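In: Let me see the structure of the following:
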Amino acid sequence: MTELYDLQTLERLSGVGRDELLYWTRSGVLRPKRVEGEGFFYDFKALVAIRVLRDLREKG
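Out: Prediction:
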């Protein structure tokens, strides 16, 4: 089974703030998976994408 991360865990693992993660989600850059009765979760591919976006942003 694929490991899924909630927003708080994703924030901690990626070093990207909650507001930016939510912005990328609303913009369609990130596509969380909905778990019935639990909420939205992100997979490892999303974590990698976030780290790439963070690195690109930091390099200008």
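In: Could you report the pLDDT at Met1?
Out: Reported pLDDT at Met1 in the predicted model: 62.
In: Next secondary structure element downstream of the helix or strand containing Leu21?
Out: According to DSSP states H and E, Leu21 maps onto helix 18-26. Next helix or strand after helix 18-26 toward the C-terminus (DSSP H and E): strand 33-35.
In: Report the buried residues of that next one.
Out: For strand 33-35, the neighbour count (16 or more other Cβ atoms under 10 Å) marks no residue as buried. (Each C-beta comes from the backbone N, C-alpha and C, glycine too.)
In: and that strand, which strands flank it?
Out: Sheet pairing for strand 33-35, assigned by DSSP bridges, gives strand 39-41 (antiparallel).
In: Dump the C-alpha coordinates for the next helix or strand after the strand it pairs with into PDB.
Out: The helix or strand immediately downstream of strand 39-41 is helix 44-59, counting by DSSP H and E. The C-alpha trace of helix 44-59 is given here as PDB (Å, rounded to 0.1, in the frame of the first residue of the first chain):
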ATOM      1  CA  PHE A  44       5.200  10.200  -2.200                       C
ATOM      2  CA  LYS A  45       5.100  11.600  -5.700                       C
ATOM      3  CA  ALA A  46       3.500  14.700  -4.400                       C
ATOM      4  CA  LEU A  47       6.200  15.100  -1.800                       C
ATOM      5  CA  VAL A  48       8.900  14.800  -4.500                       C
ATOM      6  CA  ALA A  49       7.100  17.300  -6.700                       C
ATOM      7  CA  ILE A  50       6.900  19.700  -3.700                       C
ATOM      8  CA  ARG A  51      10.600  19.400  -3.000                       C
ATOM      9  CA  VAL A  52      11.400  20.100  -6.700                       C
ATOM     10  CA  LEU A  53       9.000  23.200  -6.700                       C
ATOM     11  CA  ARG A  54      10.600  24.400  -3.500                       C
ATOM     12  CA  ASP A  55      14.100  24.000  -4.900                       C
ATOM     13  CA  LEU A  56      13.200  25.800  -8.100                       C
ATOM     14  CA  ARG A  57      11.600  28.600  -6.200                       C
ATOM     15  CA  GLU A  58      14.700  29.000  -4.000                       C
ATOM     16  CA  LYS A  59      17.000  29.200  -7.000                       C
END
